[in-house]
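**Q** show me how the following folds:
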Amino acid sequence: MKNSYIIYCAMALFLLGACKNPTGPTSPISPTYEITYDGNGATSGKAPVDNTQTGGAVTIRGNTGRLERRGWSFIGWARTQEATAAKYRAGATLKITENLTLYAVWRSEGYTISFDKNHAGARAAQASQRAVFGTSVPLPATTTFIRPPEMKFEGWAESSTGAKIQGTYNPRNYWSTITLYAKWVRKIIAGNKPWASIAMSDNGQELAAVVNGRHIYTSSNSGDSWTNRSTTADSGIGGNKTWYSIAMSGNGKKLAAVVNGGHIYTSSNSGATWTNRSTAAGSEIAGNRNWRSIAMSDDGQKLAAGGVQRAAISIATLMRGLIGRTAVGKSPEHRRAIVYRRWNFGSSNTQAYRLSVILLAPSRC
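**A** Predicted coordinates:
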């Protein structure tokens, strides 16, 4: 009985070994890898599909799924998304030893930028421009169009009413020809105006001018374009005023202006906002006065303003320190001007002074 059990176990072990390897020694199994194709920004079509490949050489597929990307041409495959050159093309063989993804490589196409006058009053022509899709291109800073009357060229827009394109241009969508439209703005100071006074910074870049009975205007590009400072609700000088004189500091940041029959105003931000200096209680310049002129030191800290009782007088020389004693002329042709001196950019007042002046009689002016 014991011997039978031993024989039975031996036979079982023999049969088990035969079942595990019926043909002899075990053969090594070849590894398998996958190759995947990626459209890499394609807007239509399908990337090729490859079956699981065994290790060894594989044949690269072409653009069998008709991948397309508007404004770009398919040129082949590469191992990275950022590649600009195709390392693998259709029909080539590649030995793979790992799972691999190949990305479509695209070459941008060229296109033409044409320019539209975008105004019935504009004339002449603007030459078209070639560009490469996907690459930012600078646009002409000026135009060869003859501008419409009282208009200024501001730049280019993608539509006839669109916003100005800022910086370089790189369209979102591809077309073989793209039209850009000239953008015109009406010159703020176009036409005749009763200008009363103008001031300029040391470098000539900053300008400020006043229109009697109307508004204050400033420019930061030597007068090429202007901003109306009297049309903003919170500017402090909204509406029409009988502006008579304006002064500016050397750097153009500080301004002071006077209103005939009104007040004195100052600005410390190139005219963006203004402060009325004639409303402070107890101020020497409180209330409405017949202001005729104002002057400012180069640093903007000292001001002098002049008002008259019966005649106009310029007091630019006051900045040379000519405020002096009272001396009333005996001739009826003499007129007296009242001069107020303000320091620290109009933040405080000093006592009023009287200045001796001699004016020609109106019949001799």
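**Q** burial count for residue 300?
**A** For residue 300, the neighbour count with other CB atoms under 10 Å is 23. Heads up, the C-betas are built off the backbone N, CA and C, glycines and all.
**Q** I'd say it and residue 269 touch.
**A** No: with contact defined as CB atoms under 8 Å, residue 300 does not count as touching residue 269 (11.7 Å).
**Q** where do the contact lists of those two overlap?
**A** Residues touching both residue 300 and residue 269 (CB atoms under 8 Å, 6 or more residues apart in numbering) are residue 253.
**Q** do a quick rundown of the strands in the stretch 1-150 of the chain.
**A** For the stretch 1-150 of the chain, the strands defined by DSSP state E, counting those that start in this stretch cover 32-33, 35-38, 53-54, 56-59, 72-78, 93-96, 100-108, 110-116, 129-132.
**Q** strand partners of the fourth one, parallel vs antiparallel please.
**A** Using DSSP bridges, the strands paired with strand 56-59 in its sheet are strand 93-96 (antiparallel).
**Q** so which bits of the partner strand are buried?
**A** residue 94 (16 or more other CB atoms under 10 Å).
**Q** thinking again about what came up before, out of the strands of the stretch 1-150 of the chain, which is closest to residue 210?
**A** strand 110-116 (38.1 Å; CB to CB).
**Q** next, count neighbours for residue 246.
**A** For residue 246, using other CB under 10 Å, the count is 26.
**Q** residues in contact with it?
**A** The contact partners of residue 246, by CB under 8 Å, 6+ apart, come to 197-199, 208-210, 216, 255-258, 294.
**Q** just to revisit the earlier point, out of the strands of the stretch 1-150 of the chain, which comes closest to residue 151?
**A** strand 110-116 (15.0 Å).
**Q** which non-adjacent residue is nearest residue 269?
**A** On the basis of CB to CB, 6 or more residues apart in numbering, the spatially nearest residue to residue 269 that is not a chain neighbour turns out to be residue 253, at 6.9 Å.
**Q** ok, residue 47 next?
**A** Residue 47's closest residue in space is residue 37 (CB to CB, 6+ apart), at 4.2 Å.
**Q** swap in residue 101?
**A** Closest to residue 101 by CB to CB, 6+ apart is residue 36, at 4.6 Å.
**Q** and that neighbour, how far is that from residue 243?
**A** Per CB to CB, to the nearest Å, residue 36 is found 74 Å from residue 243.
**Q** more crowded one of these two?
**A** residue 243 (27 against 13).
**Q** re the thing from before, got a markdown table for the contacts of residue 246, with pLDDT, neighbour count and secondary structure too?
**A** Shown next, in a markdown table, are those (pLDDT from 0 to 100; neighbours: other CB atoms under 10 Å; DSSP: H, G, I helix; E, B strand; the rest coil):
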| residue | pLDDT | neighbour count | secondary structure |
| --- | --- | --- | --- |
| 197 | 96 | 19 | strand |
| 198 | 96 | 14 | strand |
| 199 | 96 | 22 | strand |
| 208 | 96 | 25 | strand |
| 209 | 96 | 22 | strand |
| 210 | 96 | 29 | strand |
| 216 | 95 | 25 | strand |
| 255 | 97 | 28 | strand |
| 256 | 97 | 28 | strand |
| 257 | 97 | 30 | strand |
| 258 | 97 | 30 | strand |
| 294 | 96 | 29 | strand |
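**Q** closest to residue 143 among these?
**A** The closest of the contacts of residue 246 to residue 143 turns out to be residue 209 (CB to CB; 26.9 Å).
**Q** tell me the contacts of the closest one?
**A** Taking CB under 8 Å, 6+ apart, one finds 189, 195, 197-199, 216-218, 246 in contact with residue 209.
**Q** of those residues, closest to residue 265?
**A** Of the contacts of residue 209, the one sitting nearest to residue 265 (CB to CB) turns out to be residue 216, at 8.6 Å.
**Q** so what's the closest residue to that closest one other than its chain neighbours up against?
**A** Leaving aside its chain neighbours, residue 216 sits nearest to residue 229 (4.6 Å; criterion: CB to CB, 6+ apart). Shown in contact with residue 229 (CB under 8 Å, 6+ apart): 215-218, 235, 237, 271-272, 274.
**Q** before I go, just wanted to say thanks for your time.
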